[in-house]
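Colleague: Please find the sequence and the predicted model below.
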Amino acid sequence: MGNKKFRQAIGGSCLLKCTVQSLVIVLVALVITIALYSRAPPPPIQVMSPPPVVVLELRSPPPKMTTVLKAKPVKVEVMTVSKSERISDLWPESSCDLFSGKWVFDNQSYPLYKDRECSFMFDDLACEKYGRPDLRWQQWRWQPNDCVLPRFNGKLFLSKLRNKRLMFVGDSLNRNQWVSLMCLVESSIPKPFKSMKLKPPMYTFKATEYNATIEFYWAPFLVESNNDDASSHRLADRIIKPKAIEKHAIVWNDVDFLVFNTYLWWRVPTLKTMVESASFEEPNEKFKMVKSLQSYKMVLKTWSNWIDNHINKTKTRMFFMGIPATHEWSIDWGNKKDKRCLDETEPISNTRYWGRGSDPEFLNAIGSSISKLKRTGFNIHFINITQLSEYRKDGHPSIYRKLWRPLTKEQLANPRDYADCTHWCLPGVPDVWNELLLAYILR
């Protein structure tokens, strides 16, 4: 009897033990299943910094400073990217204003390259090389308010450019952006498969592995002018032929991607205009004085008409860059030392800031011309870099640059006359312009 009770107790104990073990196994399996389905996604792939390359010294034409009209600070409405224009593979949002945002300091991801590692850097843009003591200007990232602007990817850009041509057409600020783009893609191209040809007014960078070219064509007014020599300009005497564009435009024909700009040379009250048949070299040639804005609209009409008659709508994609801001009056942002942009090391934090050097009437003229071309079926977009550039008073070469030779001690001591607050140090702000350009190309 005692043995029977003992066996029953043992059996009950085993049953209880087996039940507990089964429950433990089920719970462990449940925990593992939940962990597998709730596991965090893998971290994003980090783009590696470009490897150092051998520096190739290239002489560049000196950046030219232009006379600027003084005017009251103004504001302009910021253009947005519509739902139909969104970069769907980068931003899932229905729309995103790429041009409203702020500069975020990011010394982990930026700069995207080093000026001494870019074989094709121009000396008037190599600020670190020519003694700029601070480096913070290289380490700012543009952050739109409602989305993320992806970091530039050189291989992705070149894949979109395979067997194609991209050409910048305009003034020295478009050259500034062209140099930036070469520096951004260079590390993605093996050394034997890249080359440069400088034959003003055409500058050509070729990536032979991709059969792709990135070109710059000097045409500061888009139409013919007495300043069409890329290395020798007549700043004080500006004459244009508002209806003569064929000489330049024939070079743009059949290009896959066209990036236009023109503004820097228009910042004077009036321009001399001539008929198409007139000669710039004839001292007694008749000309007519026309207000700059009126001349600008005339030129945009000539440019638009040429596009309408010659550009292949199904092949060529076009972009028009907004006005790149200048920072020539430090009083505008509260600095009374009158050193222009010299010694500026931080962006402007006031989101309503608008410098006197950017005239919104010219922006409106560009927008009007682009809207008309869009309505007739052309693939053209306005990249409104003006406001985001306005904040970057710290991004210019000032005195840390080289023209045909380094600045003298006397010139260095006179930033009021010799500080360049029009062009941009590289790496720097133009890299963001090219990140925006890539985003549009990926659309």
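Modeller: Received the coordinates, thanks.

Colleague: quick one, strands of the protein?
Modeller: Assignment of strands within the chain using DSSP state E yields the ranges 101-105, 140-144, 165-170, 194-199, 202-207, 212-218, 224-225, 239-241, 257-260, 270-273, 288-291, 317-321, 380-383.

Colleague: who touches the last one?
Modeller: The reference is to strand 380-383. 79, 85, 307, 317-322, 366-367, 370, 373-374, 433, 436-437, 440 (CB atoms under 8 Å, 6 or more residues apart in numbering). Heads up, the C-betas are built off the backbone N, CA and C, glycines and all.

Colleague: out of those residues, which are buried?
Modeller: 79, 307, 317-322, 366-367, 370, 373, 433, 436-437, 440 (16 or more other CB atoms under 10 Å).

Colleague: now, among these, which is nearest to residue 117?
Modeller: Set against residue 117, the nearest of those by CB to CB is residue 433 (20.1 Å).

Colleague: do you know how far the closest one is from residue 180?
Modeller: Distance, residue 433 to residue 180, using CB to CB, to the nearest Å: 7 Å.

Colleague: Check residue 329 too.
Modeller: Counting by CB to CB - residue 329 and residue 180 are separated by 25 Å.

Colleague: Next: residue 155.
Modeller: Taking CB to CB, one finds residue 155 at 17 Å from residue 180.

Colleague: which one of the two has more residues nearby?
Modeller: Shown here are residue 155 and residue 180; by other CB atoms under 10 Å, residue 180 has more neighbours (28 against 12).

Colleague: Disregarding flanking residues, what is the spatial nearest neighbour of the more buried one?
Modeller: residue 430 (3.8 Å; CB to CB, 6 or more residues apart in numbering).

Colleague: what about that neighbour, how many residues close to it?
Modeller: By other CB under 10 Å, neighbour count at residue 430 equals 30.

Colleague: Would you agree it is in contact with residue 176?
Modeller: Yes: counting by CB atoms under 8 Å, residue 430 does reach residue 176; the two are 5.3 Å apart.

Colleague: which neighbours do those two share?
Modeller: residue 424.

Colleague: and of the buried ones among the contacts of strand 380-383, the nearest to residue 238?
Modeller: Taking the buried ones among the contacts of strand 380-383 together and measuring to residue 238 by CB to CB, the closest member is residue 366, at 19.5 Å.

Colleague: what does the model give the nearest residue to the closest one once chain neighbours are set aside for pLDDT?
Modeller: Nearest non-adjacent residue to residue 366, counting by CB to CB, 6+ apart: residue 320, 5.8 Å away. pLDDT for residue 320: 98.

Colleague: Then residue 411?
Modeller: Reported pLDDT for residue 411: 84.

Colleague: Equivalent analysis for residue 237, please.
Modeller: 84.

Colleague: and if you look at residue 44?
Modeller: 38.

Colleague: Ok, residue 339 next?
Modeller: 85.

Colleague: quick one, what contacts the nearest residue to it once chain neighbours are set aside?
Modeller: Computed as CB to CB, 6+ apart, the closest residue to residue 339 that is not its neighbour in sequence is residue 415, at 4.8 Å. Listed by CB under 8 Å, 6+ apart, the contact set of residue 415 reads 339-340, 342, 398-399.
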